[in-house]
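Asks: Quick one, what's the 3D model for this:
(2 chains, ligands or ions: 5)
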Amino acid sequence: MPNEIVSVEPLGPQTKSFVVRAPRVAARAQPGQFVVVRLHARGERIPLTLADWSAEDGTITLVVQEVGKTTLEMGASVDEGSELADVVGPLGEPSEILSEGTVVCVAGGVGIAPVYPIARALKEAGTHVIGIAGARSEDLLFWVDRLEEACHSLVITTDDGSAGRKALVTEPLAEILAARKIARVWAIGPAVMMKFCAQACAKAGVPITVSLNPIMVDGTGMCGACRAEVGGRVRFACVDGPEFAGDQVNWDLLIARLAAYREEERCALERYRRMVREAAA
Amino acid sequence: MIRPEQVPMREQDPRSRVHNFDEVPLGYSEMEAREEAARCLKCKTAPCVAGCPVQVDIPGFISQVEQGDFRAAAATIKRTNNLPAVCGRVCPQETQCQGVCTLGRKFEPCGIGRLERFVADWEMEHGARTHEPPPATGSRVAVVGAGPAGLTCAADLRMLGHEVTVLEALHEPGGVLMYGIPEFRLPKEVVNHEVEGLRRMGVAFEMNVVVGKSITVDELLSEGYGAVFVGSGAGLPRFLGIPGETLIGVYSANEFLTRVNLMRAWRFPEYDTPVKVGRQVAVVGGGNVAMDAARTALRLGAEKVTVLYRRTRQEMPARVEETHHAEEEGVDMQYLVNPVRLEGRDGILSDVVCLRMELGPPDDSGRRRPVPIEDSEFSLAVDTLIVAVGNQPHPLVPRTTRGLEVTKWGTVQADEQGATSRPEIFAAGDIVTGAATVISAMGAAKQAAVAIDAYVGKQ
Ligand SMILES: Cc1cc2nc3c(=O)[nH]c(=O)nc-3n(C[C@H](O)[C@H](O)[C@H](O)COP(=O)(O)OP(=O)(O)OC[C@H]3O[C@@H](n4cnc5c(N)ncnc54)[C@H](O)[C@@H]3O)c2cc1C
Ligand SMILES: Cc1cc2nc3c(=O)[nH]c(=O)nc-3n(C[C@H](O)[C@H](O)[C@H](O)COP(=O)(O)OP(=O)(O)OC[C@H]3O[C@@H](n4cnc5c(N)ncnc54)[C@H](O)[C@@H]3O)c2cc1C
Ligand code: SF4
Ligand code: SF4
Ligand code: FES
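Replies: Ligands and ions are numbered 1, 2, ... in the order given. Below is the predicted model of the structure:
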């Protein structure tokens, strides 16, 4: 069965991983790429990064954080053995994998998932990989064991100090940038986090790659919903990216555009919650 | 005595139809159709047939309508046109079949499109006969893209006994028919019905396959397909390239229409995808796409919709019927204006600043080139702006296919038979011509099907 859910695993209070049968995607997946998923015939198309895959088993792994109607519904109703209506991919340009020097991979929150295959590929290709993974608190961290394996060293931070260092990811990042020669930084997480990482890198004169997450519709370059401004030029994140040079990104624009549908998102979420309550009653 | 005017087609009243997405023209009854058919002179020379890109036997099917043999009429049309329910609704008849109709010299031309639609709808209602494909030839052909070009090529190849698989990037087949042209002009049920017919003939469909990403054309060829037909269309939106285009409230027509049509945002929140339309909407452009966007915006509750077009009504490329319907519905047409800048507050669109234009000498396209009038700047308060100034071919398939040559416009280089720079790859439709029409894409795809049949036969 295509798009069949092979397994579901909770990774935290609002995060789950899904292993999905998608042989075509698995056969071609590369770090940095994503898929577009639709849960059912009335569903929205949402982009999700390929967090892992196995060409042999024909499966891909998605890690989803519940932030609104679709992701909540996915967490609540997509079980082992069920099927997603659509899975399209792999989309976007793959990460450029360096083969020498030292790199830093910074992951914020659910950003751990997309960073993991990139770090793993960088290590396999011969770079020295320093990982930094941050979250608000310990319960929001996941895949620490995987990251430890994918990186030569790993720094954990939490906002409240419940695990690792009590700091934002930018603190250890700035220290590392000051202490040694870094060929490139990858930073994936909330837009604000990526913005501050980009500032730290600009100060140290180190190139930084970020993965942009604007609202998308098709994910194949035919609508322009995902427009971002990079280096003063308008780019389509789904086909020109999602990875871009972080120091070139117009972050305020990205952040503003992410809020474009806030009212509609709230309306959809409230309606969904009401329907769940009514179904339970 | 010939009736000078076409038998009118009942339509939804403009005042009520702007509040729904139901189809605007309601179609002919059997009586009305036969009456209109009687107007046709059944000309021996039949100039109308030459005006149709797929040479529908127009006098032939119209005679059958006149006699009341609608099933036979359907068969006549379908000999050369697989999608009559679509073409009857969306062909620019005034520049094609009806544009050269003999009747049109003195009176209104014969309502060929309306009759075609009637026949197709009649057949849909009364059950179409499924055609049994001939014995299998053993050849397999892959078709990239399920738009009018891909669907036509697939149907013709299947009827020649080949095994056909259509690979489509989106989650529903139909191409522009599904994601671009709105429900009130082409009900999605009509498109689904046509696709269902293809499935019954044994054409296989695989959705959610982005050729060039999920698999390449070369890989398809090595998977055992004897030939590949590329009908990937012209789906890349063009923006204006003016300041402010990333403001919230600015849509490409593709995004706006895809949200509404493919994703059914007009039924949000019952369907999950939202679309935002403010009170004051401006649409930039003058083609069918602009008319579709403007009329859609009205139906989504906009108070005022203004179309900004840089030439005059005469040069407008939209079908006459679309412009007429848009005007009836209250769309405000502003001619000879061109946006130069978009302004906003807190990242949200607030105004479009335009220049007034006048027509200068003709340009390459033969149309008079609009030139800006000095000091004519003015601004219009808008909360939504939809850019409908054309689409370009998507570079994905050519870029990922070894040795597939493209023109300087990015279209795939192909001859009239659809032959490309690679002998085993054929192409037709908007990917070859740039944005054109449904029927021209179908006409070219038919030729390509003949060429593919000959090619795989030799293998
Ligand atoms: C290339 C890419 C890769 C992504 N990878 C992952 C991933 O691996 N795991 C994960 O949990 N999330 C990922 N996201 C974000 C994910 O797509 C959104 O969280 C999801 O679409 C939200 O849908 P919703 O209906 O649950 O929430 P909504 O209520 O629609 O939105 C909640 C918030 O999510 C953002 N959002 C809404 N729609 C989209 C959209 N179509 N695309 C992006 N952001 C949106 C908005 O900022 C909004 O405020 C990725 C986004 C992109 C662009
Ligand atoms: C809003 C709008 C209104 C229009 N109105 C009219 C009208 O009234 N009358 C008229 O005659 N014409 C009209 N047109 C033009 C007409 O629709 C097109 O000329 C026609 O659809 C072209 O057909 P096609 O098959 O070449 O391409 P398309 O219809 O564009 O189909 C191409 C298909 O290929 C798919 N595809 C693209 N890339 C890939 C890939 N890499 N892998 C797999 N699949 C892929 C696309 O998703 C799409 O489904 C209109 C166009 C638009 C946008
Ligand atoms: S297919 Fe189009 S052009 Fe040809 S007869 Fe029908 S309406 Fe006219
Ligand atoms: S040209 Fe007009 S009148 Fe003559 S056969 Fe064609 S449709 Fe009929
Ligand atoms: S999501 Fe449509 S172009 Fe990127």
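Asks: so where do the strands sit in the stretch 1-150 of chain A?
Replies: Along the stretch 1-150 of chain A, the segments classed as strands by DSSP state E, counting those that start in this stretch run A:5-12, A:15-21, A:34-38, A:46-49, A:52-54, A:59-65, A:86-91, A:102-108, A:128-135.
Asks: Next, format those strands as JSON lines and append mean pLDDT.
Replies: Below are the strands of the stretch 1-150 of chain A laid out as JSON lines (pLDDT from 0 to 100):
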{"stretch": "strand A:5-12", "mean pLDDT": "94"}
{"stretch": "strand A:15-21", "mean pLDDT": "96"}
{"stretch": "strand A:34-38", "mean pLDDT": "97"}
{"stretch": "strand A:46-49", "mean pLDDT": "96"}
{"stretch": "strand A:52-54", "mean pLDDT": "96"}
{"stretch": "strand A:59-65", "mean pLDDT": "96"}
{"stretch": "strand A:86-91", "mean pLDDT": "96"}
{"stretch": "strand A:102-108", "mean pLDDT": "96"}
{"stretch": "strand A:128-135", "mean pLDDT": "95"}
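Asks: Nearest to ligand 4 within the stretch 1-150 of chain A, name that residue for me.
Replies: residue A:41 (41.8 Å; Cβ to the nearest ligand atom). (C-beta placed from N, C-alpha, C; glycine too.)
Asks: Against residue A:37, how distant is the spatially closest residue to that residue that is not a sequence neighbour?
Replies: In this structure, residue A:41 finds its nearest non-sequential neighbour in residue A:85, 6.1 Å apart by Cβ to Cβ, 6 or more residues apart in numbering or on different chains. Distance of residue A:85 to residue A:37, computed by Cβ to Cβ, to the nearest Å: 8 Å.
Asks: Repeat that for residue B:94.
Replies: Relative to residue A:37, residue B:94 is positioned 44 Å away (Cβ to Cβ).
Asks: can you give me phi and psi for residue 231?
Replies: No chain specified, so I'll use chain A. Here is the backbone geometry of residue A:231 (degrees, to the nearest 10): phi 60, psi 30.
Asks: Excluding sequence neighbours, find me the nearest residue to it.
Replies: Nearest non-adjacent residue to residue A:231 (Cβ to Cβ, 6+ apart): residue A:248, at 4.0 Å.
Asks: Tell me how many other residues crowd the one you found.
Replies: 17 (other Cβ atoms under 10 Å in any protein chain shown).
Asks: Quick check, it in contact with residue A:230.
Replies: Yes. Counting by Cβ atoms under 8 Å, residue A:248 does reach residue A:230; the two are 4.8 Å apart.
Asks: ok so, going back, confirm for me that the residue of the stretch 1-150 of chain A closest to ligand 4 is in contact with residue A:83.
Replies: No. When contacts are counted by Cβ under 8 Å, residue A:41 is not listed as touching residue A:83 (11.9 Å).
Asks: With neighbour numbers in mind, choose between these two.
Replies: residue A:83 (16 against 11).
Asks: mind listing what the more buried one touches?
Replies: Residues near residue A:83 by Cβ atoms under 8 Å, 6 or more residues apart in numbering or on different chains: A:1, A:2, A:3, A:4, A:5.
Asks: what do you get for residue B:248?
Replies: A:256, A:257, A:260, B:344, B:347, B:348, B:349.
Asks: Any chance of the backbone angles for the fourth one?
Replies: Going back to what we said before, that points to residue B:344. Here is the backbone geometry of residue B:344 (degrees, to the nearest 10): phi -150, psi 170.
Asks: now do residue B:393
Replies: phi -70, psi 140.
Asks: Next one: it relative to residue B:429, how far apart?
Replies: 10 Å.
Asks: Am I right that residue A:162 is in contact with residue A:138?
Replies: Yes. Judged on Cβ under 8 Å, residue A:162 makes contact with residue A:138 at a distance of 3.9 Å.
Asks: Find residues that contact each of the two.
Replies: Going by Cβ under 8 Å, 6+ apart, no residue sits against residue A:162 while also sitting against residue A:138.
Asks: just to revisit the earlier point, just give me the neighbour total for the residue nearest to residue A:41.
Replies: Neighbourhood size, residue A:85 [other Cβ under 10 Å]: 16.
Asks: could you measure residue B:229 against residue B:427, distance?
Replies: Between residue B:229 and residue B:427 the computed distance is 7 Å (Cβ to Cβ).
Asks: Check residue B:7 too.
Replies: Counting by Cβ to Cβ - residue B:7 and residue B:427 are separated by 40 Å.
Asks: which one of the two has more residues nearby?
Replies: residue B:427 (31 against 20).
Asks: hmm, stretch A:20-31 touching ligand 2?
Replies: No. Judged by Cβ under 6 Å from any ligand atom, stretch A:20-31 stays clear of ligand 2, getting no closer than 12.2 Å.
Asks: and residue B:315, what pLDDT?
Replies: Here the pLDDT value assigned to residue B:315 is 87.
Asks: next structured bit after the helix or strand harbouring residue B:76?
Replies: Take DSSP states H and E as the rule and residue B:76 turns out to sit in helix B:70-78. Per DSSP H and E, the first helix or strand lying C-terminal to helix B:70-78 is helix B:84-90.
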